[in-house]
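**Q** next comes the sequence, and after it the predicted model I'd like to discuss.
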Amino acid sequence: MTAKLSDKATQQAMIPATPTGKQRQKRSDYWFDFNQSIPAGQRLVLGAAGWAAFLLLWQVTSQMDLAPDRLYPGPAAVFSSLQELFLEKGFFSDVVSSVTRIVISFAIAIVIALPIGLLMGSFARVDSLLNPLLGAWRYLPAPAFIPLLLMWLGTGDTQKITLLLMGVVFFLVIMLADVTRQTPRVLIETAKTLGGGRRIILWTVLFRHSLPGYVDTCRQMLAVSWTYLVIAEIVAATDGIGAMMMRAKRFVHVDDIMAGIVTIGVLGLLFDVLFRLIYRKCFPYLGRAQS
Amino acid sequence: MLSAQGLSVSAIGKTFRSGGQTVQALDDISLSLPAGKVGVLLGPSGCGKSTLLRMVAGLEKPSEGAITLNGRAVNQPGRDRGMVFQDYTSFPWLSVRSNVAYGLEINGDRDALNEGTVDHFIRAVGLEKFADAYPHQLSGGMRQRVAIARTLANYPELVLMDEPFGALDPETRWQMQDLLLNVVRKEQNTVLVVTHDIEEALYLGDVVFFLSRHPGRLKETIHTDFKALLPRNDREAFLQSEDYRRLEIHIRRLMRDEGRDAA
Ligand SMILES: Nc1ncnc2c1ncn2[C@@H]1O[C@H](COP(=O)(O)OP(=O)(O)OP(=O)(O)O)[C@@H](O)[C@H]1O
Ligand SMILES: [Mg+2]
C-alpha cells in the first residue's frame, strides 16, 4: 500500500503537469522508439508501402525517357511479359527446375554440414582439426571451380548441384558450428550434474538448444544458394530461370530478363517466409526474450 | 562416529594457471559434512567458494587432495551430486514439468517417473499451477524453484547450490529459504550451499564453513546447534535469539578482518 502511494508521488514529482492527457500520451508514444513491437496489420501496411514506393519510382523513371523502352521497361510491361512467360512460354517448368536444384543441393548441404557443425561446435578437438581446413575452403569462390566441374561432371544437373553445394556447404558448416558454440556452458553443466553422458548432452542440450539458430542460419544461407543458382544456370543450362534469362538476352528481351529477376525475388521471399513460419511454429518458447 | 557417510573433503588445493600466471584459489581445505545435514560455505567474494563447490560437483579437478561422497571418490560429475546454479538455469525449450523430469528421463528412471516423482516435487516447490508453462513465462524466483525441483527429483545424494537466492529480493529470498528447508528436511537431503550472506548462512546451515581469502583457507567451522531449541520456521525468533546475534557479530568480525587483510 505504502509502496503504491510513494510510487504515485514520485511519478507526479517527475512528470511536469501537462495541460491535457492527449499530450502526455504523445510523449510516451513515439512513432520511432527502441524495442517497439507494432501490430501485425501495421507491419503489413508498412511492408506494402515500401513496395508501392519502389514500384512508383520504377514507373516514373521508366517514363522519363532516360533510356529506350526496350532497354528499360516499366513495371507494367514486365508484369505482362511475366504473365506471357508463364501462360505461353512454359516458364513454369524452368521455375520447377531451378527450385529443384536449390532444394536438392541445399538438402545435401544440410545433411553434410549439420553433423560436422554440431561436432565442431561441441568438441574443441574436432574444431581444431577441421576449422582451419574448412575455414580456408570457405574463401575459395565456388564459381572458380566451374571450369573443373564442367570437365569432370559435364553440363548436366550434377554439375550445377555440385556448384551450389560447394558455394554453400563450407559456410554452413562454420556457421552451424558457431551456433552450437553459443550453447550456455551452464546448461551443459546442469545436464552433467543430473547424470547426463556425452551422447545425451550432445542431443538433448547442444543440438536442442541450437535448433532455432540452425533454422535461422539455413534461412540466411538459402539466399546465397540462389546467387550460385543463377551463376550455374547462366554458364551452361538449357532450362531454369537463369537459362531463360540468357535466352532472352540474345534477343534483347529486357522485359523477360526483368521478369526472371522478379521471379527469383518472389521465390526467395517465399522461402524466407516459409523458414520464418517454421521458426515461429516450432519454437514457441522463444516468444519473449531468450535466456 | 567418523563414518564414511556424507561428504568428505581432505586437503584440497586448487591452483589456476592462465596465460603464464598462476592463481592459488584454495589451499589445504579439509571439511566433512554428515549425511542429512545442511552445510554452508561462507566467505568474502573471491575466496574460492564456487571453485570448491564445482570441485565437489566434479566440474573442476582439484590440484591437490581428494573428495569422497559416501565413501566413493569424486572425480567427475554424476547423478549423485545435483547442482543448482546461481543463474536460474532451466532448459528454455522444456515446460516446467519436462524440466523437472529431465534428470529422470535421461537416466531412464521409469520407476521414479511412474511413481509421480515429478508432480511431487513440482508441488513441493509450489509450481503446480505452472507445470505446463515455459521458463520464459516465469519470474526469476519461480525459475529457481524449477531448478531446485529438477535437482531434487533426480534423488541426488548431495545437493549443491551456488548462491541460489543471490539475485532475489529479500521477501522472495526468505520464502525460498523456508521452502528449501522444508523440502530438504522432509526428503532428508544432504546439502552444501554457497552464500556470502551471514543471515542466510546461519538460517540455512547446520554447520557453516567460513573461508578466508587469498588463498582460500578454512578459517572456522561454526555449528548452529542452538537452532534445535527454537521453534521451526520462525524467522523472528531466530533473528532475536541471543545465539544468532552473538554468531552474527562474530562472523561480521571475521569478514571485517578479511577485508583488512586484503587492503
Ligand atoms: N577458471 C579460472 N581461471 C583462473 N582463475 C580462476 C578461475 N576460476 C576462479 N578463479 C579464481 O579463483 C578465485 C576464487 O574464485 P571463486 O569464483 O571460486 O570465488 P567465490 O568465492 O565464488 O567468489 P564470489 O563470492 O564472488 O562468487 C578468484 O581469485 C578467481 O579469480
Ligand atoms: Mg562464486
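**A** Arrived safely, thanks for sending. Residues are numbered from 1 along each chain as shown, chains lettered A, B, ... in the order given. Ligands and ions are numbered 1, 2, ... in the order given.

**Q** now the helices for chain B?
**A** Under the criterion DSSP state H, chain B carries helices at the ranges B:49-57, B:96-106, B:110-114, B:117-124, B:140-153, B:170-187, B:198-204, B:235-240, B:242-262.

**Q** for the host helix or strand of A:I174, buried residues please.
**A** For A:I174, the host element (DSSP states H and E) is helix A:157-181. For helix A:157-181, the neighbour count (16 or more other Cβ atoms under 10 Å in any protein chain shown) marks A:157, A:159-177, A:179-180 as buried. (Glycine included, C-beta is placed from N, CA and C.)

**Q** quick one on the thing from earlier: as a markdown table, the helices of chain B with mean pLDDT, mean neighbour count and distance to A:A243 would be great.
**A** Below are these laid out as a markdown table (pLDDT from 0 to 100; neighbours: other Cβ atoms under 10 Å in any protein chain shown; distance: least, Cβ to Cβ, whole Å):
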| stretch | mean pLDDT | mean neighbour count | distance to A:A243 |
| --- | --- | --- | --- |
| helix B:49-57 | 94 | 23 | 61 |
| helix B:96-106 | 95 | 23 | 51 |
| helix B:110-114 | 87 | 12 | 58 |
| helix B:117-124 | 91 | 19 | 59 |
| helix B:140-153 | 92 | 24 | 56 |
| helix B:170-187 | 86 | 16 | 66 |
| helix B:198-204 | 93 | 22 | 73 |
| helix B:235-240 | 87 | 13 | 80 |
| helix B:242-262 | 83 | 14 | 75 |
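
**Q** to what extent is A:I278 buried, counted in neighbours?
**A** 14 (other Cβ atoms under 10 Å in any protein chain shown).

**Q** how close does it sit to A:L82?
**A** Relative to A:L82, A:I278 is positioned 28 Å away (Cβ to Cβ, to the nearest Å).

**Q** kindly report the same for A:L150.
**A** From A:L150 to A:L82 the distance is 31 Å (Cβ to Cβ).

**Q** kindly report the same for A:D33.
**A** 40 Å.

**Q** more neighbours: which of the two?
**A** Shown here are A:D33 and A:L82; by other Cβ under 10 Å, A:L82 has more neighbours (19 against 8).

**Q** surely that one and A:I264 touch.
**A** No - using Cβ atoms under 8 Å, A:L82 makes no contact with A:I264, being 11.9 Å away.

**Q** let me see the contact set for residue 168.
**A** Picking chain A for this. In this structure, A:V168 makes contact with A:S105, A:F106, A:A109, A:M221, A:V224, A:S225, A:Y228, judged by Cβ atoms under 8 Å, 6 or more residues apart in numbering or on different chains.

**Q** wrong one, I was asking about chain B
**A** B:G140, B:G141, B:Q144, B:M176.

**Q** for A:T193, state which of the residues you listed is nearest.
**A** A:T193 lies nearest to B:Q144 out of those, by Cβ to Cβ, at 15.5 Å.

**Q** which ones are touching residue 219?
**A** In the absence of a named chain, chain A is used. Contacts for A:R219 were tallied using Cβ under 8 Å, 6+ apart; they are A:F271, A:D272, A:F275, A:R276, A:Y279.

**Q** please go with chain B instead
**A** B:G43, B:F210, B:L211, B:S212, B:L254.

**Q** again, but for B:F85
**A** A:V186, A:E189, A:T190, B:A147, B:D162, B:P164.

**Q** show the buried residues in these.
**A** Buried among the contacts of B:F85 (16+ other Cβ under 10 Å): A:E189, A:T190, B:A147, B:D162, B:P164.

**Q** residues contacting the first one?
**A** Shown here is A:E189, whose contacts under the criterion Cβ under 8 Å, 6+ apart are B:A57, B:L59, B:P77, B:M83, B:F85.

**Q** can you check the second one too?
**A** Under the criterion of Cβ under 8 Å, 6+ apart, the neighbours of A:T190 are B:M83, B:F85, B:T89, B:F91, B:A147.

**Q** tabulate the residues you listed (CSV), appending distance to A:M258.
**A** Listed next are the contacts of A:T190 as CSV, based on distance: Cβ to Cβ, whole Å:
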residue, distance to A:M258
B:M83, 62
B:F85, 57
B:T89, 54
B:F91, 49
B:A147, 58
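
**Q** of those residues, which pair is most distant in space?
**A** Largest separation among these by Cβ to Cβ: B:M83 and B:F91, giving 14.6 Å.

**Q** just give the closest residue to B:L94, not the sequence neighbours.
**A** Once flanking residues are discounted, B:L94 sits nearest to B:Y102: 6.5 Å by Cβ to Cβ, 6 or more residues apart in numbering or on different chains.

**Q** thought that neighbour was touching B:T89?
**A** No - using Cβ under 8 Å, B:Y102 is not in contact with B:T89; the gap is 11.0 Å.

**Q** what sits closest to B:Q76 if chain neighbours are left out?
**A** Nearest residue to B:Q76, sequence neighbours excluded (Cβ to Cβ, 6+ apart): B:G58, at 4.6 Å.

**Q** ligand 1 contacts on the stretch 101-250 of chain B?
**A** When proximity is defined by Cβ under 6 Å from any ligand atom, the stretch 101-250 of chain B lies next to ligand 1 at B:H196.

**Q** re the thing from before, from the contacts of A:V168, which land in strands?
**A** If you go by DSSP state E, the contacts of A:V168 have nothing in strands.

**Q** closest one of those to chain B?
**A** Checking the contacts of A:V168 against chain B with Cβ to the nearest Cβ, the nearest one is A:M221 at 22.9 Å.

**Q** distance check, the closest one against A:Y72.
**A** From A:M221 to A:Y72 the distance is 33 Å (Cβ to Cβ).

**Q** just the terminal-to-terminal distance for stretch B:80-99.
**A** End-to-end span of stretch B:80-99 (Cα to Cα, to the nearest Å): 18 Å.

**Q** name the residue of the stretch 1-150 of chain B that lies nearest to chain A.
**A** B:R79 (2.9 Å).

**Q** ok, and the closest non-adjacent residue to that residue?
**A** Nearest non-adjacent residue to B:R79, counting by Cβ to Cβ, 6+ apart: A:G195, 2.9 Å away.

**Q** contacting residues for the most centrally placed residue in chain A?
**A** When chain A is reduced to its mean C-alpha position, the nearest residue by Cα atoms, centre = their mean turns out to be A:Q220, at 3.3 Å. When contacts are counted by Cβ under 8 Å, 6+ apart, A:Q220 touches no other residue.

**Q** with B:E64 instead?
**A** Taking Cβ under 8 Å, 6+ apart as the criterion, B:E64 is in contact with B:A11, B:I12, B:G13, B:K14, B:D28.

**Q** correct me if wrong: the first one contacts B:L26.
**A** Right, B:A11. No - using Cβ under 8 Å, B:A11 makes no contact with B:L26, being 10.4 Å away.

**Q** so how far is ligand 1 from the residue of the stretch 101-250 of chain A found nearest chain B?
**A** Residue nearest to chain B within the stretch 101-250 of chain A: A:G195 (2.9 Å; Cβ to the nearest Cβ). Distance from A:G195 to ligand 1, counting by Cβ to the nearest ligand atom, to the nearest Å: 24 Å.

**Q** secondary structure class for that residue?
**A** Look at A:G195: counting by DSSP: H, G, I helix; E, B strand; the rest coil, its state is coil.

**Q** what about B:R81, how many residues nearby?
**A** Counted by other Cβ under 10 Å, the residues lying close to B:R81 total 27.
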